[in-house]
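Chemist: Below: sequence and its predicted model.
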4 protein chains.
Amino acid sequence: MNTFGRNIRLTTFGESHGPAMGGILDGMPSLVKIDFAMFKDDLARRAPGRQAFTSPRKEPDEVEFLSGFNSEGITLGTPIGFIVRNRDQRSGDYAGYQGRFRPNHADYTYYKKYGINEFAGGGRASARETVSWVVGGALCRQWLATKGIEVSARFVETNSVAQAASDGDSTGGIVEGVIQGLPVGVGEPVFGKLHSRLAAAMMGINAAKAFEYGDGISAASSLGSETGDMMVPIEGRPGEYTFATNHSGGIQGGISNGMPVNFKVYFKPTPTLMRELHSYDTEGNAIVIPPKGRHDPCVAVRGVAVVEAMALLTVADMIRYL
Amino acid sequence: MNTFGRNIRLTTFGESHGPAMGGILDGMPSLVKIDFAMFKDDLARRAPGRQAFTSPRKEPDEVEFLSGFNSEGITLGTPIGFIVRNRDQRSGDYAGYQGRFRPNHADYTYYKKYGINEFAGGGRASARETVSWVVGGALCRQWLATKGIEVSARFVETNSVAQAASDGDSTGGIVEGVIQGLPVGVGEPVFGKLHSRLAAAMMGINAAKAFEYGDGISAASSLGSETGDMMVPIEGRPGEYTFATNHSGGIQGGISNGMPVNFKVYFKPTPTLMRELHSYDTEGNAIVIPPKGRHDPCVAVRGVAVVEAMALLTVADMIRYL
Amino acid sequence: MNTFGRNIRLTTFGESHGPAMGGILDGMPSLVKIDFAMFKDDLARRAPGRQAFTSPRKEPDEVEFLSGFNSEGITLGTPIGFIVRNRDQRSGDYAGYQGRFRPNHADYTYYKKYGINEFAGGGRASARETVSWVVGGALCRQWLATKGIEVSARFVETNSVAQAASDGDSTGGIVEGVIQGLPVGVGEPVFGKLHSRLAAAMMGINAAKAFEYGDGISAASSLGSETGDMMVPIEGRPGEYTFATNHSGGIQGGISNGMPVNFKVYFKPTPTLMRELHSYDTEGNAIVIPPKGRHDPCVAVRGVAVVEAMALLTVADMIRYL
Amino acid sequence: MNTFGRNIRLTTFGESHGPAMGGILDGMPSLVKIDFAMFKDDLARRAPGRQAFTSPRKEPDEVEFLSGFNSEGITLGTPIGFIVRNRDQRSGDYAGYQGRFRPNHADYTYYKKYGINEFAGGGRASARETVSWVVGGALCRQWLATKGIEVSARFVETNSVAQAASDGDSTGGIVEGVIQGLPVGVGEPVFGKLHSRLAAAMMGINAAKAFEYGDGISAASSLGSETGDMMVPIEGRPGEYTFATNHSGGIQGGISNGMPVNFKVYFKPTPTLMRELHSYDTEGNAIVIPPKGRHDPCVAVRGVAVVEAMALLTVADMIRYL
């Protein structure tokens, strides 16, 4: 379904080629003052066409809030409804895709699942959908800031993005995230472990292929004697501890231990190449798809804002009633 | 909370040092014939003390089913309640841990979260909990088999487990899983992507530190031109396709495409070493924990059965109303 | 929270004095053709100012759909986002209420719950909210019609509405609903009984004070020997039955038995009278509220459309994966 | 499904003719001291054979707790697993029912829903199921008591129960419930209104046919000018109010206002009469069911304990994270 979260819930709608994207953020506490200038900065970081090496599709991404605030921008505790118009719908760009499966897209799986082939341009599978996630995340960021919790992420280059762009190719990449200021005790011990919730959130981002936290992959080839995090008493607070190292990535038994929570998300290259592609249509005919449409040479670049948004939504949801 | 799944839901209870573990599997269809001999095989694979290099704690793991079947072992469509007695409770082993935080365990985070220090032996954080997951998974396996869906996993050694065991040390490891026979169309396109659900399930297993599917981590350093999966028409079924390669790991846009779904889970070494350990107690005093208790030199070995169980529960849940 | 349903889920937002109401209907199957002319008829029945004896607030209630359909009005299986602008916001009407508790409204309980007094005009407690329910219900109606399931309701007068209107008073009333064409087997046997779900839906309507189904209240003073429904074999379908009477209201053990499901909802009079009212403010001062604002002399009149909408949403949700 | 609640969740299992009933109460806070003597009193009130005019089936109803407490009966914050053995299974009593539909029972609807006829004795539809609800409710009662919240209910006779019993007949009845000590602010304003949640809980009880709260049914024939609850300032607490009357039943806009929450549940007579009954079987043959089995001449008598349990579970769930 199209809802993320349990206590603070983001429900989204919108096809990339339709009139608007949007969503409802439900469960935000009342009396949170939103700084809309800061909010816009958050949103701008996701927008394509604003950064080197992202899709040239330009979208001002004007968010229209329809509920949830009083006239001073203070939350009422009611659901926050918002829409973002798709101003740059140039659906003509996608006209040629009708009935044809773009290779390595979700076109075929959507068609088989829903029995309808109306997803040219990506429909719900488009990265356009993430605009609503970033709106939700940006609102959560401001509430979390009042509690001293901060989320940030950064792009780690693996191949030369400029080279891929000039080759009409695309490349994968990595995004590293860190959650700072989490109190001890966030996370459920069995099925709602903090890192389990984070993994689900991150793997829900388009093109994400792997998730790790703390020592991550390298832990699998480590020895127990090498990877312990020694407790260090916090001065003046008997019975409270910090840790000398952070192999555990800030999480023990699924529950935050007060250290920074750090994780990585591995993104594959986007499948839309600026090259002629061979594929098939709904009838079984071989087709050639010419190199039109828009694409990101490295989706991980824009993924930074989305990784932050999903981490913000996850954390906000998990501390809402702590 | 202690519930996994939405349509087929496993809810579990039990502390490793208490009288019993158990759970309720709710949502299983009626009219599924359960083969209890096959069921026992599944359970035996998880049990410690049955394999080389696992904890010597021996548990016959007799499952008592309390509801959900008729006298011929056919499901009624009602919730399946079951308990597994903790016959080998030797809580004396853990007596020394009361009020003391074992290093690199969840003792400290549990204590801070619940305000009570009664989790010696692991409580809910113990690998003992996974017996209920394996019960649930084994039931799902038999239902899925009727639909031609199979789940299997295998252990991949990274360090020498025998060496770690003889050193009183522990080592991490990798478990590879594969889901075969899934029809096209399993998975939700936005927040309930098949791999997102799998990631959450796998990262909920104790000691799991990373998850990848398909090309996984290596996708992040790949080019788009190298990683495409070409569609191949299925003879005699016009408009239906399989794929020449499986970079995508059987999932496109979050939805299964008919190819095998393959994934890896990276496990860290267990923190319980057969060595003296330095730590602290609830009062802030430095303590030394002597090398008693039991431990697994490589938790990933037993993780194989648990990875299968969680994949089975995930898939069963997702195809229940497909 | 602001979500109704589990399989077909309506999530709503909007304050009556804000820019728009709206919602997201998630889970509707793909390939349902929506007749928008019929849809408008459904919506018109809820609108105030269109019927004798309802609030004179006139709202064209133009629904703008933002997603979920293709250009021919066929559902895609994606979430249906929609908004309804509040064109007639005359918030000046409510200016006098700021900081003052209208008697017998939710002003005081909202204020204590959310710590903010911005709910003049009703906020989320306004009957205006039900426009989104009616949108959701009207969409469900068309899907249910394809399965032969119909929902209808009618108003039963208890006091003279015209008399109450001319006295500046208000009166309660009853709405009778019936669900026809339900197959046998809808409803969960324990906590999700069909009538339990209906009761929750109906009691969620503003001003609803009681719910009954089948023999209802009168069953409490009946004898078992008087209230049985004899089975009647359906000719030509051995092993299938209908019933000679319908004391049970079409539900046995929480599950539909193929007979019409009939129920009643009892509405209290609206608290907004066209008279001077004595009350208090947030500071503890006694105040007098003059007779302005708008009101319904009998909210049950408009309740007919809302009862239908909630029954449609409930039934659609419950048969979605049957 | 078989789960009740969202924050404090009771999941149950068990067929009345199977080895045991039981459940898991998940979400109870840690550090609640349970008085097991008081707990047994609660349970005894539900048990049949303990009161005049209830089914002669005698069950000691020994609850075995399997998790969730430390050795002093203090909750750990972990799920509480429990089982209640069905010691008095006399399934022979029901042998004659195999393949035959008892009139006015759920036998036919279950059969059509699950495709299996194994529900002689009631299966999940039996009043036996409520033993698990009462266990859950009794645990919640003790937690709620620490917050000054109390729930009580009483039976209101409509026909002479003794007369019905001696006639081999059964009669309906009414149970009145009241929740005292609720703080202002419990309940969600739109779809999770306090009375909506209560209605769902009460209508989920076997044989419940109607629910009302506050003025209830009579409100439908009242005038607005007659039914207002005047606010009364609470001395010494400026801005806080109580109410001079309680037409609203302690709830305004779906949210508790600090007054007692009172409600009524109307129960129909049980269908099991001590008389010969005419019905049909799965093949379509007319049958006669002789007067054996056990029955309650008035199920509402035992309903008192069940009404309390469901109100306790509802309230506990709703204030868990308030």
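Modeler: Structure received.
Chemist: Let me know the pLDDT of the residue in the stretch 101-250 of chain A positioned nearest to chain B.
Modeler: In the stretch 101-250 of chain A, the residue that lies nearest chain B is A:Ala106 (2.3 Å; CB to the nearest CB). Any C-beta I mention is one placed from the backbone N, CA and C, and that applies to glycine too. Looking at A:Ala106, its pLDDT is 91.
Chemist: same deal with A:Asp41?
Modeler: In this model, A:Asp41 is scored at 86, pLDDT.
Chemist: Could you give the number of residues near it?
Modeler: 10 (other CB atoms under 10 Å in any protein chain shown).
Chemist: Can you tell me the SS state at it?
Modeler: The local conformation at A:Asp41, judged by DSSP: H, G, I helix; E, B strand; the rest coil, is helix.
Chemist: what about it, distance to chain C?
Modeler: Computed with CB to the nearest CB, to the nearest Å, the distance linking A:Asp41 and chain C is 24 Å.
Chemist: before we move on, what about A:Arg128?
Modeler: 11 Å.
Chemist: and that residue, how far is that from A:His17?
Modeler: Counting by CB to CB, to the nearest Å, the gap from A:Arg128 to A:His17 is 9 Å.
Chemist: which residues do these two both contact?
Modeler: Each of A:Asn86, A:Gly122 lies in contact with both A:Arg128 and A:His17 under the rule CB atoms under 8 Å, 6 or more residues apart in numbering or on different chains.
Chemist: so what's the nearest residue to A:Gly168 once chain neighbours are set aside up against?
Modeler: Sequence neighbours aside, A:Met274 is the residue nearest to A:Gly168 in space, at 3.4 Å (criterion: CB to CB, 6 or more residues apart in numbering or on different chains). Counting by CB under 8 Å, 6+ apart, A:Met274 touches A:Gly168, A:Asp169, A:Pro291, A:His295.
Chemist: out of A:Arg128 and A:His17, which sits in the more crowded spot?
Modeler: Counted by other CB under 10 Å, A:Arg128 and A:His17 do not tie: A:Arg128 has more neighbours, with 25 against 19.
Chemist: looking at this, that one is in a strand?
Modeler: No. Assigned with three-state DSSP, A:Arg128 falls outside any strand and is helix.
Chemist: excluding its backbone neighbours, what's nearest it?
Modeler: A:Ser16 (3.9 Å).
Chemist: A:Ile116 too?
Modeler: Nearest non-adjacent residue to A:Ile116 (CB to CB, 6+ apart): C:Ser30, at 5.3 Å.
Chemist: what about the stretch 1-150 of chain A, any weak spots by pLDDT?
Modeler: A:48-60, A:88-97, A:119-121 (pLDDT under 70).
Chemist: Return the residues of it in contact with chain D.
Modeler: A:Asn7, A:Thr78 (CB under 8 Å from any CB of the partner chain).
Chemist: Run through the residues of the stretch 1-150 of chain A sitting next to chain B.
Modeler: Residues of the stretch 1-150 of chain A lying close to chain B by CB under 8 Å from any CB are A:1-4, A:12, A:101, A:103-106, A:108-110, A:112-113, A:124-125, A:129.
Chemist: do you know how far A:Gly216 is from chain D?
Modeler: For A:Gly216 relative to chain D (CB to the nearest CB), the value is 29 Å.
Chemist: swap that for A:Asp229, please
Modeler: According to CB to the nearest CB, A:Asp229 stands 24 Å off from chain D.
Chemist: That residue: neighbouring residues, count only.
Modeler: The number of residues near A:Asp229, taken as other CB under 10 Å, comes to 22.
Chemist: Now do the contacts for it.
Modeler: A:Asp229 neighbours (CB under 8 Å, 6+ apart): A:Phe243, A:Ala244, A:Thr245, A:Asn246, A:His247, A:Ser248, A:Met259, B:Pro103, B:Asn104.
Chemist: could you say which helix or strand contains A:Val84?
Modeler: For A:Val84, the host element (DSSP states H and E) is strand A:80-85.
Chemist: Which strands border the next helix or strand after that strand, and is each parallel or antiparallel?
Modeler: Next along the chain after strand A:80-85, taking DSSP H and E as the criterion, comes strand A:100-101. Here strand A:100-101 has these sheet partners by DSSP bridges: strand A:277-281 (antiparallel).
Chemist: Which residues does the partner strand contact?
Modeler: A:99-103, A:286-289, A:291, B:230-231, B:233, B:241.
Chemist: what about 10 Å?
Modeler: A:97-105, A:107-108, A:117, A:271, A:285-291, B:228, B:230-233, B:238-241 (CB atoms under 10 Å, 6 or more residues apart in numbering or on different chains).
Chemist: Was I right to think A:Leu43 contacts A:Val63?
Modeler: Yes. Under the criterion of CB atoms under 10 Å, A:Leu43 makes contact with A:Val63 at 6.7 Å.
Chemist: Would you agree A:Arg154 falls within a helix?
Modeler: No. Per three-state DSSP, A:Arg154 lies outside any helix segment and is strand.
Chemist: For the spatially closest residue to it that is not a sequence neighbour, grab the count of nearby residues.
Modeler: Excluding the flanking residues, the one nearest A:Arg154 by CB to CB, 6+ apart is A:Glu176, at 5.6 Å. For A:Glu176, the number of neighbouring residues by other CB under 10 Å comes to 15.
Chemist: Determine the three-state secondary structure at A:Glu176.
Modeler: strand.
Chemist: what's it in contact with, if anything?
Modeler: A:Ser152, A:Ala153, A:Arg154, A:Phe155, A:Val156, A:Asn262, A:Phe263, A:Lys264, A:Val265, A:Val304, A:Val307.
Chemist: Excluding chain neighbours, what is closest to A:Met38?
Modeler: A:Gln142 (6.8 Å).
Chemist: what does A:Asp281 give?
Modeler: Nearest residue to A:Asp281 in three dimensions, chain neighbours excluded: A:Arg100, at 4.6 Å (CB to CB, 6+ apart).
Chemist: The residue nearest to A:Ile116 sits in which helix or strand?
Modeler: For C:Ser30, there is no helix or strand it lies in under DSSP H and E.
Chemist: Tell me, how many residues neighbour it?
Modeler: 17.
Chemist: For A:Val131, which three-state class applies?
Modeler: Applying three-state DSSP: A:Val131 is helix.
Chemist: roughly how far apart are it and chain D?
Modeler: 26 Å.
Chemist: my guess is that residue meets A:Gly14, correct?
Modeler: Yes. If you go by CB under 10 Å, A:Val131 and A:Gly14 touch, sitting 8.4 Å apart.
Chemist: shared neighbours of those two, anything?
Modeler: Counting by CB under 10 Å, 6+ apart, the residues touching both A:Val131 and A:Gly14 are A:Met21, A:Gly22, A:Gly23, A:Val84, A:Asn86.
Chemist: What's the separation between the residue in the stretch 151-300 of chain A that chain B sits nearest to and D:Asp229?
Modeler: Of all residues in the stretch 151-300 of chain A, the one sitting closest to chain B is A:Gly253 (2.3 Å; CB to the nearest CB). Distance, A:Gly253 to D:Asp229, by CB to CB: 50 Å.
Chemist: And for A:Asn159?
Modeler: Taken as CB to CB, the span from A:Asn159 to D:Asp229 is 70 Å.
Chemist: just so I have it, where are all the strands in the stretch 1-150 of chain A?
Modeler: A:3-4, A:9-13, A:20-26, A:63-65, A:80-85, A:100-101, A:150-156 (DSSP state E, counting those that start in this stretch).
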